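> what's the 3D shape of this:
(4 chains)
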There are 2 protein chains.
Amino acid sequence: MDARPTSGATPTIYDVARRAGVSIASVSRVLNGRDNPRPATRDRVLKAISELGFVPDGAARALSSRLKQVVGVVFRRVYGTDDGGMFEDESESLLFGDQINRGIEIVAQRRGYDLLVSSVNIDEHTLPNRIMTIAGKCDGLILHDQVLSPAGIASIARTVPVVTLAGAEGGPVANVRGDSATSMREMARHLVQDHGYRRLAYIAGHADSPDNIVRGRSFASEVHALGGECLTGPAWQGDYSAGSGVQIVRGLIALGATLPRAIACANDQTALGVIYALAEHGLDVPGDVAVTGFDDLPFARHLRPQLTTVRQPIQEIGAKAFEVLHSMISADAPQDSDAVQDFVLPTRLIRRESCGCPPDSRPAVWRQIS
Amino acid sequence: MDARPTSGATPTIYDVARRAGVSIASVSRVLNGRDNPRPATRDRVLKAISELGFVPDGAARALSSRLKQVVGVVFRRVYGTDDGGMFEDESESLLFGDQINRGIEIVAQRRGYDLLVSSVNIDEHTLPNRIMTIAGKCDGLILHDQVLSPAGIASIARTVPVVTLAGAEGGPVANVRGDSATSMREMARHLVQDHGYRRLAYIAGHADSPDNIVRGRSFASEVHALGGECLTGPAWQGDYSAGSGVQIVRGLIALGATLPRAIACANDQTALGVIYALAEHGLDVPGDVAVTGFDDLPFARHLRPQLTTVRQPIQEIGAKAFEVLHSMISADAPQDSDAVQDFVLPTRLIRRESCGCPPDSRPAVWRQIS
DNA sequence: GAGACTGGCGTAAGCGCTTACTGGAAATGT
DNA sequence: ACATTTCCAGTAAGCGCTTACGCCAGTCTC
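Predicted coordinates:
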């Protein structure tokens, strides 16, 4: 029995112990489902717990057991290209990131972990501090694309297990990503070979995003290999936002440029903006210009025309990232040092209408879950 | 100076102190930006910190300072009506909830708080346990709509500050919500008076969602007051998912029912499904049937026709919820007991095309940010 | 029925921080 | 020059848990 005074505030394990007439050790054992305490004792404790409305303190538990059961997830706060307010919410809505987080969360929960999410603004001068604060609150970190420089990542990884998403292949830590290269090559083939387009373009995402670079390169090189032409360069530099798609198309049209026959976008949101801007000028998609996306976010199939895109196994990417991180956390060895792993998940081309394919006329109910 | 042995693992404040030749108290003071330590000392400490890659442990800090600087956010994991896979991702994508969380996060960050997010499945039999675990990891809880019964909320609120979102007016704890009633009445007026529709319907969201109930009641009563007819009942019971919108319309058409002239949906996602299903049967929106949503999610304006809906200040709702919670956490008094507050934020009717209004033909750049 | 187990439970030592208290040195006042 | 104040920095006492250890029944063995 312990003689500590009853706290006036929230009940602690001592209060429970006193009320149940046992020691705090027994309460702890009941709390953790050990089978030591015999039923009678267990019941007394359980009763005291519920009478007091006792909630064990996570911080104390974490401190003592050296496990917080929390994973940190950091993503970039996106402010897309400003296009006069039209897409301001859109660029804020991080559909892709949210889906990934959902994937992480679902598997994390199965292991008793919760997610500590935090967005960062790259320009923040206190970035290292913010990341450190977050790191201190969890057992491991999952970093979305483009939140920290490779050097920054390496440095934080000295102290806490880190997994990156959609990072570069040879990064300093374990990385999980979709197989952008293969599917973008497939996309190029589809557009050039199946549809016969010769003059195409790729609207890029953030210039410093490894995944974006891979997408652009794979697409362009395959188009060239097939004898097509692929426009790139500053005029085609977007930032993953719908707004950037709008502005690029408007800019091109304003300059009187001849648009390519097909535009492949770095992601679905950009494609959304492109289609919008094209429609604004009376251009038909895919009749005048074919447009494709990347990610296959839910809205892609509700657009008119339905968006041809690449399906990424978004939630699976998140799930995999957690599993990798979890094994790093569990492994006592803080560093597996040698071979840093790069996990690549398969992606798939989803042909819908915006590339020029005919609409699928079967009723949705009969359609394959594809 | 402290004689504790150097830990082989992650460095602690003791390691930093030893390396800098000071006491742990001084390190702590530097860490917390106290102005006590003089520059020379401070620099030594800072140097040691960066050399060791020291990251202060959040759990220890929380335990000691009795503040975790973490707020828990719990939302319901939604599995929408199954419609053969067509909308399965959609129903998982919780657009609305994610936006709210973004709002919470942004203001939380300003106060040094991070978000612990966790989705729960209502059917879970261990729900109380899950919520308790989460509660133990944070200083306060924000509960989205429909994650816990009022009794459950009241019980957990005994122990930790709680704020609910879109809860019922007379709930057991502080609540933040949009002014659904006013805008739905306005919607009814617009549809009946401006467009002259007489036969309308409301597709409901979760039957047990207070906000849904308010929306439905306000709409129906205003329609009636204006001499119109508002269809409701089991045939019009959805669940906030696009899939439910699809199924309801398909079901009605299959039964040969005469569709109303206008359908107001509980939220944008439902409207998305309704429009989809209507198009599937060759029905024109708004020509044959007008459709409206609620929330004004980003995709609403990219639909064809653009969706007429009610704009909720989504991020502001989240922000407000955090502010309220934060003041509860800061107030030493665990219970302000008496008047539980209900914060209502203004909403606004956004007239676009799906109600029958003419498309806005001004170029987007010139359009008001409205 | 004495010795060796065994299972249930209490004691106490931390986990890595924050912070009240305190002592000594430096700065200030007269 | 001495008394007084001010400033820094160290000591140590927790914060609320988990868990190694050990004690004391009650069981088992032969």
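> strands of the stretch 251-370 of chain A, start to end?
A:262-265, A:290-292, A:309-311, A:342-345, A:348-350 (DSSP state E, counting those that start in this stretch).
> and among those strands, the most buried is which?
strand A:262-265 (a mean of 30; mean count of other C-beta atoms under 10 Å in any protein chain shown). Glycine gets a C-beta too; all of them are placed from N, C-alpha and C.
> how about the stretch 101-250 of chain A: which residue is closest to DNA strand C?
A:G136 (7.6 Å; C-beta to the nearest atom of the strand).
> let me know how buried the closest residue to that residue other than its chain neighbours is, in neighbour terms.
Excluding the flanking residues, the one nearest A:G136 by C-beta to C-beta, 6 or more residues apart in numbering or on different chains is B:G58, at 4.0 Å. Per other C-beta atoms under 10 Å in any protein chain shown, the neighbour tally for B:G58 reads 25.
> how about the contacts made by B:G58?
Residues near B:G58 by C-beta atoms under 8 Å, 6 or more residues apart in numbering or on different chains: A:A59, A:K68, A:T133, A:G136, A:K137, A:C138, B:K68, B:Q69.
> now, the most widely separated pair of those residues?
A:A59 and A:T133 (14.6 Å; C-beta to C-beta).
> between these two, point out the one with more neighbours.
A:A59 (26 against 19).
> any idea how far the more buried one lies from B:I314?
Per C-beta to C-beta, to the nearest Å, A:A59 is found 31 Å from B:I314.
> which SSE is A:V176 in?
A:V176 is part of strand A:174-178, with elements assigned from DSSP states H and E.
> mind listing what that strand pairs with, with the direction of each?
strand A:162-165 (parallel), strand A:342-345 (parallel) (DSSP bridges).
> about what we covered before: most surrounded residue in the contacts of B:G58?
Top of those by neighbour count (other C-beta under 10 Å): A:C138, with 29 neighbours.
> got a list of what that one touches?
A:K68, A:V70, A:V71, A:G72, A:L116, A:V160, B:G58.
> hey, what's the fifth one bridged with?
Note on A:L116: beta-bridge partners A:G72, B:L116, judged by DSSP bridges.
> residue contacts, it?
Counting by C-beta under 8 Å, 6+ apart, A:L116 has contacts A:V70, A:V71, A:G72, A:V73, A:I134, A:K137, A:C138, B:V70, B:D114, B:L115, B:L116.
> can you get me a residue count around the third one?
By the criterion of other C-beta under 10 Å, A:G72 has 26 neighbours.
> quick revisit: where's the residue nearest to A:G136 relative to DNA strand D, distance?
Separation of B:G58 from DNA strand D (C-beta to the nearest atom of the strand, to the nearest Å): 12 Å.
> and stretch A:95-111, how far out from the chain's middle?
8 Å (C-alpha atoms, centre = their mean, to the nearest Å).
> show me which residues of chain A sit near DNA strand D.
A:4, A:7, A:9-10, A:12-14, A:24-25, A:27-29, A:31-32, A:54, A:56-57, A:60-61, A:63-65 (C-beta under 7 Å from any atom of the strand).
> buried subset of those residues?
Neighbour-count burial (16 or more other C-beta atoms under 10 Å in any protein chain shown) applied to the residues of chain A next to DNA strand D gives A:10, A:12-14, A:24, A:27-29, A:31, A:54, A:56-57, A:60-61, A:63.
> so which of those residues comes closest to B:V324?
A:T10 (19.9 Å).
> ok, which stretches of the stretch 151-300 of chain A are helices?
Using DSSP state H, counting those that start in this stretch, the helices of the stretch 151-300 of chain A run over A:180-189, A:210-225, A:242-254, A:268-280.
> just name the most buried of those helices.
Buried most deeply of the helices of the stretch 151-300 of chain A, by mean count of other C-beta under 10 Å, is helix A:268-280, with a mean of 26.
> what's the average pLDDT for that helix?
Here helix A:268-280 scores 89 as its mean pLDDT.
> run the angle between that helix and helix A:242-254 for me.
40 degrees (axes from the mean of the first three to the mean of the last three C-alpha atoms, to 10 degrees).
> close to chain B, is helix A:268-280?
Yes. Using C-beta under 8 Å from any C-beta of the partner chain, helix A:268-280 reaches chain B at A:L272, A:Y276, A:E280.
> I'd guessed the second one sits against A:G243; true?
This means A:Y276. No. Assessed by C-beta atoms under 8 Å, A:Y276 is found out of contact with A:G243, at 9.9 Å.
> in helices, which of the residues of chain A next to DNA strand D fall?
Among these, the members falling in helices are A:13-14, A:24-25, A:27-29, A:31, A:60-61, A:63-65 (criterion: DSSP state H).
> out of these, which are close to chain B?
Among those, proximity to chain B is found for A:A60, A:R61, A:L63 (C-beta under 8 Å from any C-beta).
> show me where the stretch 1-150 of chain A has its helices.
Going by DSSP H, counting those that start in this stretch, the stretch 1-150 of chain A shows helices at A:13-20, A:24-31, A:39-52, A:58-65, A:88-92, A:95-110, A:127-136, A:150-157.
> for A:I248, find the nearest of these.
helix A:88-92 (14.3 Å).
> picking up where we left off before, quick one: residues in contact with the strand holding A:V176.
Contacts for strand A:174-178 (C-beta under 8 Å, 6+ apart): A:162-169, A:211, A:312-313, A:317, A:320-321, A:324-325, A:328, A:340-347.
> mind giving me the PyMOL command for buried ones among these?
Buried subset of these, written as a PyMOL selection, criterion 16+ other C-beta under 10 Å:
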select buried, chain A and resi 162+163+164+165+166+167+168+211+312+313+317+320+321+324+325+328+342+344+347
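> lowest mean pLDDT across the helices of the stretch 1-150 of chain A, which one is that?
It's helix A:88-92: among these, that one has the lowest mean pLDDT, namely a mean of 51.
> A:V74: how many residues sit nearby?
25.
> contacting residues for it?
A:V117, A:S118, A:S119, A:V120, A:I131, A:I134, A:L141, A:I142, A:L143, A:H144, A:V147, A:L148.
> TSV for these, including neighbour count and distance to B:T126?
Listed next are the contacts of A:V74 as TSV, based on neighbours: other C-beta atoms under 10 Å in any protein chain shown; distance: C-beta to C-beta, whole Å:
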residue	neighbour count	distance to B:T126
A:V117	25	23
A:S118	24	27
A:S119	20	30
A:V120	21	33
A:I131	26	33
A:I134	23	28
A:L141	27	27
A:I142	28	25
A:L143	28	31
A:H144	23	30
A:V147	24	34
A:L148	23	36
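> give me phi/psi at the residue nearest to A:M132 when sequence neighbours are not counted?
Excluding the flanking residues, the one nearest A:M132 by C-beta to C-beta, 6+ apart is B:V55, at 5.2 Å. Backbone torsions of B:V55, given as degrees, to the nearest 10, read phi -130, psi 120.
> verify the stated contact: B:V55 with A:T159.
Yes. Using C-beta under 8 Å, B:V55 is in contact with A:T159, at 5.0 Å.
> what residues are shared contacts of the two?
A:A135, B:T10.
> more neighbours: which of the two?
B:V55 (21 against 18).
> OK, contacts around the more buried one?
B:V55 neighbours (C-beta under 8 Å, 6+ apart): A:M132, A:A135, A:G136, A:T159, A:V160, B:T10.
> picking that back up, pick out the most distant pair among the buried ones among the residues of chain A next to DNA strand D.
A:T10 and A:R29 (21.2 Å).
> low-confidence ranges in chain A?
When residues are selected by pLDDT under 70, those of chain A lie in A:1-8, A:78-93, A:302, A:332-339, A:360-370.
> go again with 80.
A:1-9, A:35-37, A:77-95, A:122-124, A:168-170, A:298-299, A:301-304, A:332-340, A:360-370 (pLDDT under 80).
> what does it put close to DNA strand C?
Residues of chain A lying near DNA strand C (C-beta under 7 Å from any atom of the strand): A:1-2, A:21-26, A:35-38, A:40-41, A:60, A:63-64, A:66.
> how about 6 Å then?
Counting by C-beta under 6 Å from any atom of the strand, the positions of chain A adjacent to DNA strand C are A:M1, A:V22, A:S23, A:I24, A:A25, A:S26, A:N36, A:P37, A:R38, A:T41, A:L63, A:S64.
> thanks again, I'm all set now.
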